[in-house]
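Colleague: Turn this into a model:
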Amino acid sequence: MQTTVIPQPDPMSPVIVPEFERLNFAQVFLDASRLNQGVMLILMLMAAAAVVLWALGIGRSLSAQPSRSVAGLRYLKGMWVGALLLGLSGASYTLLASFIGLANVRPTPSLAIMAPGFAEIMAQVTLGLAAATLAVICHQDLDARLRRLAA
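Modeller: Numbers count the residues shown, from 1 in each chain. Below you'll find the predicted structure:
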């Protein structure tokens, strides 16, 4: 009688989690602390505000109110710097809190346990960069339009 050997999966080989267990941005946001949720919301609002200021500035530059467009440029420049600093500050706060938590836990948790916290940190950095990038693009475009009108 011949026996069939069924190969066993290697316990160290990676396994993709089922789709209903996969981490996404909404879960990262919902699992974040209220402070970090606030930082992420402010960064999303800053990105939206940059686009709105840009659209209003274009409308004003085409009308007889180009001086009000210049005020929009100042706000965009402030968002440009503020979004980067806010995103990095939120990320560094979360990283500090994570490391303090790790120092107080034995045994050290696995990467799968720590990954949502790292995702939260990266979400804040990404949102800060996205808001700042939108502010830069909108500022540069509006500034170029105003310079062409002045010439």
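Colleague: Quick check, A32 in contact with M40.
Modeller: Yes - the criterion here is Cβ atoms under 8 Å, and A32 meets it with M40 at 6.8 Å. For glycine as for every other residue, the C-beta is placed from the backbone atoms N, C-alpha and C.
Colleague: what residues are shared contacts of those two?
Modeller: Contact with both A32 and M40 is made by residues A123, according to Cβ atoms under 8 Å, 6 or more residues apart in numbering.
Colleague: pLDDT score assigned to A64?
Modeller: Listed pLDDT for A64 reads 61.
Colleague: And V125, how close does it get to A49?
Modeller: 19 Å (Cβ to Cβ, to the nearest Å).
Colleague: whoops, A150 was the one
Modeller: Taking Cβ to Cβ, one finds A150 at 25 Å from A49.
Colleague: of the two, who's got more company?
Modeller: A49 (19 against 8; other Cβ atoms under 10 Å).
Colleague: where's that one, which helix or strand?
Modeller: helix 34-62 (DSSP states H and E).
Colleague: Remind me what that helix packs against, helices and strands.
Modeller: Packing contacts for helix 34-62, counted by 3 or more Cβ pairs under 8 Å, 6 or more residues apart in numbering; DSSP states H and E, involve helix 66-103, helix 111-150.
Colleague: now the longest one, how far from the chain's geometric center?
Modeller: For helix 111-150, the gap between its own C-alpha mean and the chain's C-alpha mean amounts to 7 Å (Cα atoms, centre = their mean, to the nearest Å).
Colleague: What of the first one?
Modeller: The chain centre lies 10 Å from the centre of helix 66-103; the measure is Cα atoms, centre = their mean.
Colleague: Can you list the low-confidence ranges for this protein?
Modeller: 1, 7, 9, 11, 61-69 (pLDDT under 70).
Colleague: what residue is smack in the middle of the chain?
Modeller: For the chain, the residue sitting closest to the mean C-alpha position, by Cα atoms, centre = their mean, is L127 at 1.9 Å.
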